[in-house]
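> My questions concern the predicted model and sequence given below.
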Amino acid sequence: MNLATLLDDHPDDHTAVVSGGDRISYSRLRREIAATRGALTSLGLVQGDRVAILCGTNSRFVRAWLAAIGCGFVAVPLNPQSPAAELQREIEVVGARAVIVGPAGVHNLSDIDRSAVPSLEFLLTPTRQSFEGSIDFDELVAASESTPIVERSDTDLAALLFTSGTAGHPKAAMLTHGNLSANLRQVQSAPVSSTRPDDVTVCVVPLFHVLGLNSILNLALYVGATIVLVERFDPLSMLELVADERASILIGPPTMWAALSQVEDAPPEALATVRLSVSGAAPIPDRVVRDAHENLGIDIVEGYGLTEASPSVTLAAGTGAPIGSIGRPIPGVEMRLIDPAGGDVYIGDPGEIIVRGANVFPGYWQDPEATARALDSDGWLHTGDMAVVDDDGFLFIVDRAKDLIIVSGFNVYPAEVERVLVTHPAVAEAAVVGIPHPHTGEAVKAYVVPRSGRSIEEDDLVDWCATELARYKCPSKIDEVDELPRGLGGKILRRQLD
């Protein structure tokens, strides 16, 4: 089954998407996606070609995503706020032939070096936002005939999503049509957490993130619900929007919930219509859960997942899980907690989470070594996340075995930031760690050793990183040190840094 067929059977006049004040019915959305498929196929793209999507959380992304996979292409959602250097690397890694660009991504994409990305043939930009070498995609869509959805199998790739994996540069996780659709069915098979056709889901999570893409957007369209897309988050405006749209499902990272729970003079009935409040993408502090209950009258439930699992693995909704628990595995997902030798741990002892199911990805794009580290011969995905289970079967995340930093739900791998830092002429060595942050969960902190005779200006170094990395990956704090702690083998011991 092609995942793009997920909205085919819903009533024509029911609202599918609300975006920027525009209310789009299922019949209109199907027509617009079909025309977008026609525009893409008119370029001569063929099944299996990679098509990058550089759009905000809006209807343009929805049309681009469903049209690309409907044509049999492999969609590659990217962060429109990433600097040109990072976009260039990601487009080059996947060998994308085309990029569909929204207004938010035009400026950064226009700065990439096309000669360094020989695969890239088509830059598809919005009307009145074109630049040299680009194609007016809106005009092309308007002139195109509708094209039907092509057949795809469960094992065919639907998307490549960048994730930080276990080492080095971010890698592109391969997600198949079968992976993504299986996770939708798995989530829906848990009655309390399932989405209904009469639901209204508000999405503020970026759609290039797997939580926004599959757990919110695809899930809402899969069941025939309405999804309200929000491009810019403002706590008070969000509360007003939820009330105006009579939203029933609200899913977001801990940062969203922390901001909403601290709105001064928030009306107690602001979230009265919300029946399911879910926090994902990063661990949520117990304090935020309690604040939301006291100030907004809602009970936030936590979930756990990762890009490589499409992403949902556990959910606390309807389980009676205590605060701080990620619940239990959702139906259709197998989970074990193992010790370093690969044996199952005892109740109450920490172990690495490993996961198996139809939602688990087949590997990283053109990276067999990283794939072998993540997937074992029995199909178990080794997450690198540590958890304990209590006597009632409830899971609690206790640590991460890998060095990932999670900033507002987005993964940051220290080695990537360190490589950029040491390219600065004043920096000899660098080490990066995550530190607690009241709004983003974690923030990036760097320790740098200056070159002999050179001085380091913190603001200058942050600006240096911003030319190569997305803003959430840039250090918010930089300490100058004489040396970095190292082990016997010379490896930097990040855990010894504050």
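Now that the structure is in, tell me what you want to look at.
> what about the strands in the stretch 251-400 of the chain?
276-279, 301-305, 312-315, 328-329, 334-338, 351-356, 363-364, 381-389, 395-400 (DSSP state E, counting those that start in this stretch).
> what's the closest of those strands to residue 89?
When those are compared by C-beta to C-beta, strand 363-364 sits nearest residue 89, at 15.0 Å. In this view, the C-beta of every residue, glycine as well, is placed from N, C-alpha and C.
> pLDDT of that closest one, averaged?
Here strand 363-364 scores 97 as its mean pLDDT.
> Against which helices or strands is that strand packed?
strand 171-176, helix 368-374 (3 or more C-beta pairs under 8 Å, 6 or more residues apart in numbering; DSSP states H and E).
> and the helix or strand following the shortest one, how far from the chain's centre?
For strand 171-176, the following helix or strand on the C-terminal side (DSSP states H and E) is helix 177-188. If you compare the mean C-alpha spot of helix 177-188 with that of the full chain, they lie 16 Å apart, counting by C-alpha atoms, centre = their mean, to the nearest Å.
> What ranges in the stretch 51-200 of the chain fall below the confidence cut-off?
Filtered on pLDDT under 70, the stretch 51-200 of the chain yields the residue ranges 164-169.
> So which residues of it form strands?
Under DSSP E, counting those that start in this stretch, the stretch 51-200 of the chain gives strands at 74-77, 98-101, 122-125, 135-136, 157-163, 171-176, 200-203.
> so which of these comes closest to residue 286?
The nearest among the strands of the stretch 51-200 of the chain, by C-beta to C-beta, is strand 200-203 at 24.1 Å.
> Would you give the sheet partners of the closest one, along with the direction of each?
Strand 200-203 has its sheet partners listed here by DSSP bridges as strand 226-229 (parallel), strand 249-252 (parallel).
> Return the set of buried residues in stretch 364-383.
Residues of stretch 364-383 classed as buried by neighbour count (16 or more other C-beta atoms under 10 Å): 364-365, 367, 370-371, 374-375, 380-383.
> picking up where we left off before, now the strands of the stretch 51-200 of the chain as a markdown table including mean neighbour count and distance to residue 17?
Output for the strands of the stretch 51-200 of the chain, formatted as a markdown table (neighbours: other C-beta atoms under 10 Å; distance: least, C-beta to C-beta, whole Å):
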| stretch | mean neighbour count | distance to residue 17 |
| --- | --- | --- |
| strand 74-77 | 26 | 17 |
| strand 98-101 | 28 | 17 |
| strand 122-125 | 23 | 20 |
| strand 135-136 | 16 | 23 |
| strand 157-163 | 25 | 19 |
| strand 171-176 | 25 | 22 |
| strand 200-203 | 24 | 10 |
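> With distance to residue 444 as added columns, please give the ones you listed in JSON lines.
JSON lines is the format used below for the strands of the stretch 51-200 of the chain (distance: least, C-beta to C-beta, whole Å):
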{"stretch": "strand 74-77", "distance to residue 444": "23"}
{"stretch": "strand 98-101", "distance to residue 444": "27"}
{"stretch": "strand 122-125", "distance to residue 444": "31"}
{"stretch": "strand 135-136", "distance to residue 444": "37"}
{"stretch": "strand 157-163", "distance to residue 444": "17"}
{"stretch": "strand 171-176", "distance to residue 444": "19"}
{"stretch": "strand 200-203", "distance to residue 444": "26"}
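> between those, which gets nearest to residue 283?
strand 157-163 (17.3 Å).
> Please report the distance of residue 142 from residue 36.
Using C-beta to C-beta, to the nearest Å, residue 142 is found at 10 Å from residue 36.
> Which one's more surrounded, these two?
The neighbour comparison of residue 142 against residue 36 (other C-beta atoms under 10 Å) goes to residue 36, with 28 against 11.
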